[in-house]
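Enquirer: this one's sequence-less:
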Ligand code: GLY
């Protein structure tokens with residue numbers, strides 16, 4: 001039988017999306033966020049949905065999870081937009097991975113072979129062909145791989161939509177409310193400690209991103225090995241018509257043009273603990289990496305700079321599903337793919353809670369793999 005009362009620790013896109021589906025299934029759900037919901041990694045992300053472009057970083061199980069999520073995305077977005085009445089700018093222009101010199105090209109060729117071996121729908125382009133698609137690309141671009149089915153979304157709109165959809169079905173959102181401890185009795189989670197109050201729950205879901213290992217009460221062997229990995233970002237403001245439509249993976253930066261005219265450039269990958277300072281070096285590297293492939297950015301005004309903390313697990317894959325503590329489920333550690341993996345995490349974790357069955361898709365990602 002599904003639980004009646006659910007406490008979700010962490011109101012990022014993962015916690016919010018699971019909360020939305022559980023509330024929609026008439027469960028009594030409260031999400032607790034230490035800050036404002038969706039203002040952590042969910043806010044900082046670029047919203048690229050690129051399992052095919054990023055394939056070299058992945059193991060097979062993670063690729064399958066990413067592809068399953070990408071396939072489910074359009075249906076999931078339809079449901080979210082209909083429940084929230086907020087459009088999330090799901091853009092289907094595709095992704096181009098570009099090379100600028102012989103070294104880049106050799107790397108891109110190797111990458112392309114891996115993609116072909118995995119039967120992914122990709123296409124090799126010359127520099128001229130790439131510029132026919134994106135005329136502002138530098139003449140220095142020698143070649144590109146087109147990943148037409150790698151698309152993108154506006155993650156900040158997605159946060160707003162999820163909050164709206166969660167509340168629509170009666171979900172309770174408690175923001176600026178830190179969960180101090182998960183209460184465990186006889187190997188079973190029985191609730192949480194919020195400030196001095198004990199709040200009973202039939203099920204606790206830990207989805208607190210890079211803070212997931214900081215909650216008291218868990219024995220060491222159930223503490224998820226998640227750390228913060230800093231990513232600095234910069235947004236430029238494009239004029240109309242925009243100088244770019246596709247997401248570009250350049251050798252030293254990626255560029256993601258959004259429907260609202262912003263051009264996001266990311267991202268550094270730094271092991272700096274919980275530090276979120278913007279540095280001159282970080283901005284310089286991003287702008288240089290982006291300018292090399294798209295020189296016209298030189299003229300664009302800066303709209304915003306920020307840094308976020310990705311939740312990286314020990315193997316940089318997410319931690320999903322049941323734990324050795326009864327009534328405690330984890331959905332955390334999504335690292336660089338939180339936005340891509342939200343729909344599949346939402347669907348599979350909600351199904352686990354409603355049916356008690358762990359699907360084959362998420363079974364490889366249980367916490368016990370670190371035992
Ligand atoms: N998903 C892109 C990043 O983490 O920078």
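Expert: Cool, got the structure. Because the structure is a prediction, the values reported are computed rather than measured.
Enquirer: The closest residue to residue 151 other than its chain neighbours and residue 328, how far apart?
Expert: Nearest residue to residue 151 in three dimensions, chain neighbours excluded: residue 92, at 4.8 Å (CB to CB, 6 or more residues apart in numbering). From N, CA and C alone the C-beta is placed, and that goes for glycine too. Residue 92 sits at a distance of 38 Å from residue 328 (criterion: CB to CB, to the nearest Å).
Enquirer: ok, the two, which is more surrounded?
Expert: Shown here are residue 92 and residue 328; by other CB atoms under 10 Å, residue 328 has more neighbours (23 against 11).
Enquirer: near the ligand, which residues of this protein show up?
Expert: Counting by CB under 6 Å from any ligand atom, the chain comes close to the ligand at 46, 48, 231, 266-267, 310, 336.
Enquirer: In CSV, list these along with pLDDT, distance to residue 200 and neighbour count.
Expert: Formatted as CSV, the residues of the chain next to the ligand follow (pLDDT from 0 to 100; distance: CB to CB, whole Å; neighbours: other CB atoms under 10 Å):
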residue, pLDDT, distance to residue 200, neighbour count
46, 98, 39, 24
48, 97, 40, 25
231, 98, 37, 22
266, 97, 41, 23
267, 95, 40, 24
310, 98, 33, 25
336, 96, 36, 22
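Enquirer: what's the most distant pair in these?
Expert: The most widely separated members of the residues of the chain next to the ligand, counting by CB to CB, are 48 and 310 (13.2 Å).
Enquirer: From the geometric centre of the protein, which residue sits farthest away?
Expert: Within the chain, residue 186 marks the point farthest from the mean C-alpha position, 34.4 Å out by CA atoms, centre = their mean.
Enquirer: Now do the longest helix belonging to the chain: distance to the chain's middle.
Expert: When the chain is parsed with DSSP state H, its longest helix is helix 60-84. The gap between where helix 60-84 is centred and where its chain is centred comes out at 12 Å by CA atoms, centre = their mean, to the nearest Å.
Enquirer: What's the local residue count around residue 296?
Expert: Residue 296 has 15 nearby residues by other CB under 10 Å.
Enquirer: Was I right to think it contacts residue 243?
Expert: Yes - counting by CB atoms under 8 Å, residue 296 does reach residue 243; the two are 5.2 Å apart.
Enquirer: which neighbours do the two share?
Expert: Counting by CB atoms under 8 Å, 6 or more residues apart in numbering, the common neighbours of residue 296 and residue 243 are residue 136.
Enquirer: Work out for me the element residue 8 sits within.
Expert: Taking DSSP states H and E as the criterion, residue 8 maps to strand 5-9.
Enquirer: which residues sit against that strand?
Expert: With contacts defined as CB under 8 Å, 6+ apart, strand 5-9 is touched by 15, 18-19, 22, 27-32, 179, 182, 191-192, 199-208, 212, 215, 353.
Enquirer: Can you flag which of those belong to helices?
Expert: Judged by DSSP H, these include 15, 18-19, 22, 353 as members of helices.
Enquirer: and of those, the nearest to the ligand?
Expert: Comparing the ones in helices among the contacts of strand 5-9 against the ligand with CB to the nearest ligand atom places residue 15 closest, at 18.7 Å.
Enquirer: Tell me the spacing between the closest one and residue 313.
Expert: 17 Å.
Enquirer: what about these two, which has more around it?
Expert: Each of residue 15 and residue 313 has its neighbours counted (other CB under 10 Å); residue 15 has more, 31 against 22.
Enquirer: Isn't that one up against residue 31?
Expert: Yes - if you go by CB under 8 Å, residue 15 and residue 31 touch, sitting 5.4 Å apart.
Enquirer: what about the chain, any weak spots by pLDDT?
Expert: Within the chain, the stretches with pLDDT under 70 are 57-58.
Enquirer: Show me the helices in the protein, by range?
Expert: Counting by DSSP H, the chain has these helices, from start to end: 13-24, 41-44, 60-84, 102-117, 127-133, 155-168, 280-293, 338-355.
Enquirer: For the shortest one, give me every contacting residue.
Expert: The set of residues that contact helix 41-44 without belonging to it, under CB under 8 Å, 6+ apart, is 12-13, 155-156, 158-159, 209-210, 231, 233, 306-311, 334, 338-339.
Enquirer: switch the cut-off to 6 Å
Expert: Contact with helix 41-44 is made by 12-13, 156, 159, 209, 306, 308, 310, 338, as judged by CB atoms under 6 Å, 6 or more residues apart in numbering.
Enquirer: Now the buried members of the residues you listed.
Expert: Using 16 or more other CB atoms under 10 Å as the burial test, these include 12-13, 156, 159, 209, 308, 310, 338 as buried.
Enquirer: from the residues you listed, which is closest to the ligand?
Expert: Among these, and counting by CB to the nearest ligand atom, the member closest to the ligand is residue 310, at 5.4 Å.
Enquirer: quick one, which of the helices of the chain is packed in tightest?
Expert: helix 13-24 (a mean of 27; mean count of other CB atoms under 10 Å).
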